[in-house]
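Peer 1: here's my sequence, what's the structure:
(one chain, ligands or ions: 2)
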Amino acid sequence: MTNAFSETPVEYLKGVGPGRAKILSKELRIKTFGDLLLHYPFRYVDRTRFSTINELTPDSPQVQLKGLLIKVEEMGFKTSKRLVAVLKDDTGLLELVWFKGISYVKPKLQIGREYLAFGKPSMFQMKLNMVHPDMELFSKAGSEASPALEPVYPSTEKLSERGLNSKGIGKLTKALVFLMKGKVNNVLPDELRGQYNLLSREESLRQLHLPQSAELLRRAINRMKFEEFFFIQLMLLRQKNTQQQKLKGIPFLKVGDLFHAFYKHHISFELTGAQKRVIKEIRNDMGSNQQMNRLLQGDVGSGKTMVALLCSLIAMGNGYQVALMAPTETLASQHAESIGNDLNGLEVKTALLTGSTKAKQRKQMLEQLAAGEIRLLIGTHALLEDRVVFKNLGLVIIDEQHRFGVAQRARLWKKNTVSPHVLVMTATPIPRTLAMTLYGDLDVSVIDEMPPGRKPVKTIHRKDEHRLSVFQFMREQIAEGRQVYVVYPLIKESEKMDYKDLMDGYESISRSFPLPDYRVSIVHGQMKAANKAYEMQQFVSGQTQIMVATTVIEVGVNVPNASVMVVESAERFGLSQLHQLRGRVGRGTDQAFCILMTGNKLSAESRKRIKTMVGTTDGFKIAEADLELRGPGDLSGTQQSGLLDFKIADLTKDANILTYARKAALELLEQDPGLQQSKHQATSRHLAAVMNERPEDWSRIS
Ligand code: ADP
Ligand code: MG
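Peer 2: Ligands and ions are numbered 1, 2, ... in the order given. Just a heads-up that it's a prediction; the model follows:
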């Protein structure tokens, strides 16, 4: 909505002025008429529905009461001074209390008249009351003054002090709604509005601020949600299109001998159907003239590494080098080792480059890399450094993508004159709605099938008092030759305490599992990389049976012989973290177990998390539950994305609208890729404005 009206500074709205304009801008970033119109109510009070006093409980939400005021009295002195009123309806009496603004409220309250009281009941000295309710004189003809559905606006304390609480803001938006008549551009193409039966933009804004009926309000909300999703999708899809036009890729014309040799003689298992399908998708991308930008999603243990390796072989078979980047040194070393094993007997030189690679070794490595002798370079962030120069980098694979920022990815990209193909792998299942938004500009492949013979991990919830039986169970598993993880939380704010918990736990386990029968490893973030690697290696090779660790082992570590994952203080972990941790066991064919240890007192949310984990091993179901519990902005790896900031749409609830909006955006771009037709001018302009608001997203590379 970019036109003179919407760009008018809010200062010029009657009732605002320079002072209020300043705090509106500061507190809510409302600068223009357009901003104010998009300052949506967060809920509506139904003025036609009343609660009765006898049905109130301390848990009641905000309620509306209608009753007679039978007492108004100031009580107490100085700090205990308060205004107390009593409201009476057909079912009982309720005390209303004010501690602040007494001189303002008191003159408005008249004994013997009927009022609407709006607020949330609370409990005081075993009695229900209502603190600081909104009061309004009830008048039977009052329906015009207060509409049936009254909008409630977000506000702040500072704004309220200047008279701009929800009601004050409501007055402004109402004035604005009258002014906007005939001045709002339709930003959605007309044909879409017909196809999806959408209200006009102006009508939607009017209904949002001054709803005439619940039905019209619902349609208005859906219309604005649709619009919001639609423009984000347009942005992402256009970005994807221009990228594909602009960026020529390196066509890998053949599968190559390396791939065939490996496939015939080096794999000890049959690929799953999903792995085969995904490899075909990637192969098609890499065989075309366009640069691949693909996200590979697959639950923990679904076999992404094998897919990565096979794709690398295609690239190398075409004469190109490959970079494989992992988020931690442990993971990178593990990849290097297992890929090294897999490639044993094939003529492929690989190398591992991390922060702890010695200078001399590094120098030699970089020379060999620049000469093209090293064909597969595996490593950590160290790969990003400018001195790491390839001869002809053709494929970049990024494992566990959510640990890397966008800017870091971009740096790998530039290591060849023709951009290499990019495959991003993630084990964090992302709900459909999020994937469509966060990765709307990437192609997505999904491995939705586990290697055969996997038994789902049995997940059990145990309280601290069951610790002895948990230890007993660990002994039984170890007696059968299995290994056990015990994981402790490590959260930044309380690092010291967490460290103590971890060490206490380590001690107690060392005592309960004494030498020489048992050996215990420990790994945590404060250890030197070399020590960490050593301890990890001890466990991987089976020298130790128990691994006590913090979440540093969360991602990617592969010890198929480990059969038990004990998570201490499980209530402190997020769902996706728990799922990742659980994915560390059950990687072979034997039954594996995940034991979630918690204290006795659990918050409702923790209980829901534990219940979800016990109830399912399906990563996508867990991701959906996570999204519902935490909201999109909090999901791991998505923290800073402005793509998830919506004014009215809600990724957790509006999957259907998003699906339609994406479809509509695709169809529009098919018809008019550059949005150049005259009937799409308003849409094109609005898109530019939306992109302007989200510059960081526009500059995303992959
Ligand atoms: P992730 O997707 O978590 O990275 P990995 O690639 O580490 O999973 O694979 C987990 C384990 O499954 C590895 O030990 C790997 O060798 C094995 N694996 C991969 N694909 C198959 C398959 N098709 N059949 C049997 N085992 C497989
Ligand atoms: Mg992996």
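
Peer 1: got the contact list for the residue in the stretch 1-150 of the chain that ligand 1 sits nearest to?
Peer 2: Closest residue of the stretch 1-150 of the chain to ligand 1, Cβ to the nearest ligand atom: residue 42 (40.4 Å). C-beta: built from backbone N, CA, C; applies to glycine. Contact analysis of residue 42 by Cβ atoms under 8 Å, 6 or more residues apart in numbering lists 152, 153, 154.

Peer 1: again, only using 6 Å
Peer 2: residue 154 (Cβ atoms under 6 Å, 6 or more residues apart in numbering).

Peer 1: swap in residue 586?
Peer 2: Contacts were defined as Cβ under 6 Å, 6+ apart; by that measure residue 586 touches 457, 592.

Peer 1: and with 8 Å instead?
Peer 2: Counted by Cβ under 8 Å, 6+ apart, residue 586 has contacts 301, 454, 455, 456, 457, 563, 592.

Peer 1: buried subset of those?
Peer 2: If you count burial by 16 or more other Cβ atoms under 10 Å, the buried members of the contacts of residue 586 come out as 301, 454, 457, 563, 592.

Peer 1: buried ones in stretch 99-111?
Peer 2: Buried residues in stretch 99-111, defined by neighbour count with 16+ other Cβ under 10 Å: 105, 109.

Peer 1: off-centre distance for that stretch?
Peer 2: Relative to the centre of its chain, stretch 99-111 is centred 45 Å away, using Cα atoms, centre = their mean, to the nearest Å.

Peer 1: could you number the chain from 11 rather than 1 from now on?
Peer 2: OK, 11 is where the count begins now, so the last one is stretch 109-121.

Peer 1: any idea of the mean pLDDT for that stretch?
Peer 2: Along stretch 109-121, the predicted confidence averages to a pLDDT of 88.

Peer 1: put the alpha carbons of the helix or strand harbouring residue 373 into CSV.
Peer 2: When secondary structure is defined by DSSP states H and E, residue 373 falls within helix 369-380. Extracted C-alpha coordinates of helix 369-380, given in CSV (Å, rounded to 0.1, in the frame of the first residue of the first chain):
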residue,chain,number,x,y,z
ALA,A,369,50.1,-25.2,10.2
LYS,A,370,52.6,-27.3,8.3
GLN,A,371,50.0,-29.9,7.3
ARG,A,372,47.6,-27.2,6.4
LYS,A,373,50.1,-25.6,4.1
GLN,A,374,50.7,-28.8,2.2
MET,A,375,47.0,-29.5,2.1
LEU,A,376,46.1,-26.1,0.6
GLU,A,377,48.8,-26.6,-2.1
GLN,A,378,47.3,-30.0,-3.0
LEU,A,379,43.9,-28.5,-3.0
ALA,A,380,44.8,-25.7,-5.3
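
Peer 1: ok, back up a step: so can I have a markdown table of the contacts of residue 596 showing secondary structure and pLDDT?
Peer 2: Below are those laid out as a markdown table (DSSP: H, G, I helix; E, B strand; the rest coil; pLDDT from 0 to 100):
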| residue | secondary structure | pLDDT |
| --- | --- | --- |
| 311 | coil | 80 |
| 464 | coil | 81 |
| 465 | coil | 86 |
| 466 | coil | 89 |
| 467 | coil | 94 |
| 573 | strand | 94 |
| 602 | coil | 95 |
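
Peer 1: if we can go back for a sec, buried stuff in the helix holding residue 373?
Peer 2: 372, 375, 376, 378, 379.

Peer 1: which non-adjacent residue is nearest the second one?
Peer 2: Going back to what we said before, that points to residue 375. Closest residue to residue 375 in three dimensions, ignoring its sequence neighbours and counting by Cβ to Cβ, 6 or more residues apart in numbering: residue 361, at 5.2 Å.

Peer 1: out of the buried residues of helix 369-380, which touch ligand 1?
Peer 2: Residues shared between those and the neighbourhood of ligand 1: none [Cβ under 6 Å from any ligand atom].

Peer 1: and which of those is nearest residue 321?
Peer 2: Residue 321 has its nearest neighbour among those in residue 379, at 19.6 Å by Cβ to Cβ.

Peer 1: hmm, residue 401 and that closest one touching each other?
Peer 2: Yes: with contact defined as Cβ atoms under 8 Å, residue 379 reaches residue 401; the gap is 7.3 Å.

Peer 1: what's the overlap in contacts for these two?
Peer 2: Listed contacts common to residue 379 and residue 401 are residue 331; contacts here mean Cβ under 8 Å, 6+ apart.

Peer 1: longest helix of the protein, counting residues only.
Peer 2: Across the chain, the longest stretch assigned as helix under DSSP state H is helix 224-256.

Peer 1: and the next element down the chain from that helix?
Peer 2: helix 267-275.

Peer 1: give me the contacts around that next one.
Peer 2: By Cβ under 8 Å, 6+ apart, the surrounding residues in contact with helix 267-275 are 319, 320, 323, 324, 326, 327, 352, 353, 355, 356, 358.

Peer 1: reduced to three states, what does the residue nearest to residue 235 when sequence neighbours are not counted come out as?
Peer 2: What sits nearest to residue 235 in space, not counting adjacent residues and going by Cβ to Cβ, 6+ apart, is residue 659, at 4.2 Å. Per DSSP: H, G, I helix; E, B strand; the rest coil, the secondary structure class of residue 659 is coil.

Peer 1: ok, residue 659 to residue 183 distance?
Peer 2: When distances are taken as Cβ to Cβ, to the nearest Å, residue 659 and residue 183 turn out to be 20 Å apart.

Peer 1: quick one, what contacts the residue in the stretch 411-560 of the chain that ligand 2 sits nearest to?
Peer 2: Nearest to ligand 2 in the stretch 411-560 of the chain, going by Cβ to the ion, is residue 437, at a distance of 6.1 Å. Counting by Cβ under 8 Å, 6+ apart, residue 437 makes contact with 307, 308, 309, 310, 312, 314, 410, 565, 566, 590, 593, 629.

Peer 1: how does it look with 7 Å?
Peer 2: Residue 437 makes contacts with 308, 309, 310, 410, 590, 593, as judged by Cβ atoms under 7 Å, 6 or more residues apart in numbering.
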